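Colleague: could you work out the structure for the sequence below:
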Amino acid sequence: MTVDALVGALVAALGERAVLQSPEDRARFETGWRYGKGVARCVVRPASTAEVATALRLCQQHGARVVAQGANSGLVAASTPDASGSMVVLSLERLNQTIELDQHGRTVLVDGGVLLSQLNEALLPHGLWFPVDLGADPQIGGMIATNTGGTRLLKYGDVRHNLLGVEVVLGDGRVVSALNRLRKNNTGLDSKHLFVGTSGVFGIVTRAVLQVAPKPRQRAVALVGCNSGAAVLNLLQTLERDLADVLSAFEVMSAAALGPVLDHQPNLPRPFAQLPAYSVLVELSSTLSSELLSLDDVLEEQLGAHLEVAGDEVPDIVMHRGEEFWQMRHHISESLRSVGKMLAFDISVPRSQLPAFTEAVHTMLAAEFPVVRLCDYGHWGDGGTHLNLVWDESKAGVPAAQLVAALQPRIYDLAVRDFAGSYSAEHGVGPHNQRFYDLYTDENVKALCGSLRQWCDPDRLLGTVRLD
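Modeller: Numbering: from 1, shown residues only. Down below sits the predicted model:
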């Protein structure tokens with residue numbers, strides 16, 4: 001029987017509970033939430049920063065590549081091993097015990113394996129929350145590695161905006177501890193930014209200090225019909241001009257994206273007699289009580305005034321059904337998957353260019369891929385759009401893989417080269433888009449990243465992507 005020396009060393013150092021070896025035990029770590037599937041040499045589950053450091057030192061000594069894994073909820077296949085069977089998955093699921101709140105400082109020290117839901121449950125009795133709000137339930141370390149945004153970035157910013165300090169284990173087991181609790185600290189390089197959004201290839205985040213926000217006492221939500229992308233931007237400009245202090249979400253759903261939701265979710269009522277080109281979910285939120293300021297009244301008055309000015313651009317407005325409107329927004333992806341084959345893109349462009357970009361995609365599809373339908377929705381308030389391309393495989397005439405291979409470069413070229421946008425607005429860089437990182441990233445930026453990685457991970461053992 002062949003004995004794996006590295007696995008034996010990991011078991012000896014961390015204990016049998018920390019190292020999963022059998023195919024049955026490894027299985028849930030080898031397949032991603034939606035994308036990514038491979039085979040792990042083993043799964044190591046350290047329970048402290050010191051144990052993470054020990055595991056990485058042993059992996060370096062044995063020349064083993066390592067992929068860090070949080071809740072494995074990413075969408076670019078960056079948290080799963082490759083198919084070689086030689087990679088070690090380092091899961092942080094046991095590193096989830098620390099949640100230390102400083103109420104007066106409004107900061108919290110957390111382990112990297114703490115789930116977003118776990119953190120918010122602990123903060124709730126104190127009237128606080130970590131306001132990076134999204135449909136999945138990731139770990140804090142994974143959120144830092146991917147710089148998670150979410151539906152309320154417009155008001156609260158992304159993870160980078162809410163991160164004060166980190167503790168990170170580098171590829172060779174060295175520990176960088178920069179657990180800063182200060183909001184103001186202008187003393188040179190702010191090293192935490194090296195590890196935000198870099199997919200875990202510079203180091204593994206084991207602890208972090210986050211600033212947290214008071215939880216709103218009230219919210220007001222409306223669904224606004226708009227007949228064009230220009231009308232959507234006019235509405236956004238009006239709301240930011242007059243209600244910027246309380247505007248917390250601005251989510252846009254095209255008729256092509258919302259229609260399937262209403263068809264496949266019978267419990268959700270149809271908001272408009274006829275779906276407009278875009279339905280805009282507008283949310284206001286505030287820590288003020290409704291006795292001091294009624295957001296429902298404010299939103300109704302503001303939208304009424306806008307309706308008079310906008311005229312036919314805004315055919316209808318519906319209020320007071322906020323939970324139903326958010327349910328519509330959150331059910332789009334699953335509803336579209338039931339319509340046909342779907343290819344999803346996570347794109348951002350300067351938000352003033354969103355109508356022109358969307359029209360350019362429509363034009364390109366009509367000319368080059370007439371079988372494909374654009375069903376777009378997203379965070380227009382921060383320039384993000386989810387381009388979902390849907391088609392009937394029986395009418396495509398070519399295999400899905402061939403169509404995907406042709407569509408991806410066309411969409412990304414439009415976004416990056418024609419509209420100065422990003423091919424990955426929220427989900428980070430993973431194996432699914434490595435070739436586009438290689439294609440679009442400035443050579444000097446790659447060289448800088450390479451120099452930084454050489455110091456952080458000298459043997460290039462961390463992760464499944466290259467940022468150099």
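Colleague: mind listing what the residue lying closest to residue 316 once chain neighbours are set aside touches?
Modeller: Nearest in space to residue 316, with sequence neighbours left out and distances taken as Cβ to Cβ, 6 or more residues apart in numbering, is residue 225 at 4.4 Å. Backbone N, C-alpha and C define where each C-beta goes, glycine included. Residues in contact with residue 225 (Cβ atoms under 8 Å, 6 or more residues apart in numbering) are 272, 275-276, 278-280, 314-317.
Colleague: pull out the buried members of those.
Modeller: Of the members of the contacts of residue 225, the ones counted as buried by neighbours, 16 or more other Cβ atoms under 10 Å, are 272, 275-276, 278-280, 314-315, 317.
Colleague: now these in TSV, with secondary structure, pLDDT and distance to residue 177?
Modeller: Shown next, in TSV, are the buried ones among the contacts of residue 225 (DSSP: H, G, I helix; E, B strand; the rest coil; pLDDT from 0 to 100; distance: Cβ to Cβ, whole Å):
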residue	secondary structure	pLDDT	distance to residue 177
272	coil	94	54
275	coil	96	53
276	coil	97	53
278	strand	98	47
279	strand	98	47
280	strand	98	44
314	coil	96	53
315	coil	95	56
317	strand	95	52
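Colleague: now for the helix or strand where residue 282 lies, which elements pack on it?
Modeller: Using DSSP states H and E, residue 282 falls within strand 278-286. Counting contacts by 3 or more Cβ pairs under 8 Å, 6 or more residues apart in numbering; DSSP states H and E, strand 278-286 is packed against strand 218-226, helix 229-243, strand 247-254, helix 255-264, helix 295-310, helix 322-330.
Colleague: give me the sheet partners of it and which way each runs.
Modeller: strand 218-226 (antiparallel), strand 247-254 (antiparallel) (DSSP bridges).
Colleague: ok, back up a step: quick one: which of the buried ones among the contacts of residue 225 is nearest to residue 206?
Modeller: Lowest distance from residue 206 to these (Cβ to Cβ) belongs to residue 280, with 40.5 Å.
Colleague: that closest one against residue 247, yeah?
Modeller: No. Applying Cβ atoms under 8 Å, one finds residue 280 not in contact with residue 247, separated by 11.9 Å.
Colleague: tell me the pLDDT of residue 394.
Modeller: At residue 394, the model reports a pLDDT of 89.
Colleague: ugh, typo on my part, it should be residue 72
Modeller: On the pLDDT scale, residue 72 gets 80.
Colleague: for residue 96, same thing?
Modeller: 97.
Colleague: which ones are touching residue 422?
Modeller: 347-349, 415-416.
Colleague: just the ones of those residues in strands?
Modeller: If you go by DSSP state E, the contacts of residue 422 have 347-348 in strands.
Colleague: that older thread, what's the closest of the helices and strands packed on strand 278-286 to residue 142?
Modeller: Here helix 322-330 is closest among the helices and strands packed on strand 278-286 (Cβ to Cβ), at 20.1 Å.
Colleague: what comes into contact with the next helix or strand after that closest one?
Modeller: Next along the chain after helix 322-330, taking DSSP H and E as the criterion, comes helix 332-337. Outside helix 332-337, the residues that touch it by Cβ under 8 Å, 6+ apart are 253, 257-258, 260-261, 263-265, 342, 344, 375, 377, 386, 388, 390.
Colleague: how does it look with 7 Å?
Modeller: With contacts defined as Cβ atoms under 7 Å, 6 or more residues apart in numbering, helix 332-337 is touched by 253, 257, 260-261, 264-265, 342, 375, 377, 388, 390.
Colleague: neighbours of the nearest residue to residue 87 once chain neighbours are set aside, how many?
Modeller: Leaving aside its chain neighbours, residue 87 sits nearest to residue 81 (3.9 Å; criterion: Cβ to Cβ, 6+ apart). For residue 81, the count of nearby residues is 25 (other Cβ atoms under 10 Å).
Colleague: could you report the pLDDT at residue 81?
Modeller: In this prediction residue 81 is given a pLDDT of 93.
Colleague: also residue 2?
Modeller: pLDDT recorded at residue 2 is 53.
Colleague: sorry, back to before: I'd like the contacts of residue 225 as JSON lines, with distance to residue 89 appended.
Modeller: Shown next, in JSON lines, are the contacts of residue 225 (distance: Cβ to Cβ, whole Å):
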{"residue": "272", "distance to residue 89": "47"}
{"residue": "275", "distance to residue 89": "44"}
{"residue": "276", "distance to residue 89": "46"}
{"residue": "278", "distance to residue 89": "42"}
{"residue": "279", "distance to residue 89": "41"}
{"residue": "280", "distance to residue 89": "41"}
{"residue": "314", "distance to residue 89": "50"}
{"residue": "315", "distance to residue 89": "51"}
{"residue": "316", "distance to residue 89": "50"}
{"residue": "317", "distance to residue 89": "49"}
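Colleague: residue 237: how many residues sit nearby?
Modeller: Using other Cβ under 10 Å, residue 237 has 11 neighbouring residues.
Colleague: quick check: the gap between it and residue 192.
Modeller: Distance of residue 237 to residue 192, given as Cβ to Cβ, to the nearest Å: 34 Å.
Colleague: kindly report the same for residue 316.
Modeller: Residue 316 is 46 Å from residue 192, where distance means Cβ to Cβ.
Colleague: now do the phi/psi pair for residue 419.
Modeller: Main-chain torsions, residue 419, degrees, to the nearest 10: phi -130, psi 20.
Colleague: distance of it from residue 256?
Modeller: For residue 419 relative to residue 256 (Cβ to Cβ), the value is 20 Å.
Colleague: repeat for residue 450
Modeller: Per Cβ to Cβ, residue 450 is found 42 Å from residue 256.
Colleague: looking at these two, which is more packed in?
Modeller: residue 256 (19 against 13).
Colleague: having no further points to raise, I will conclude here.
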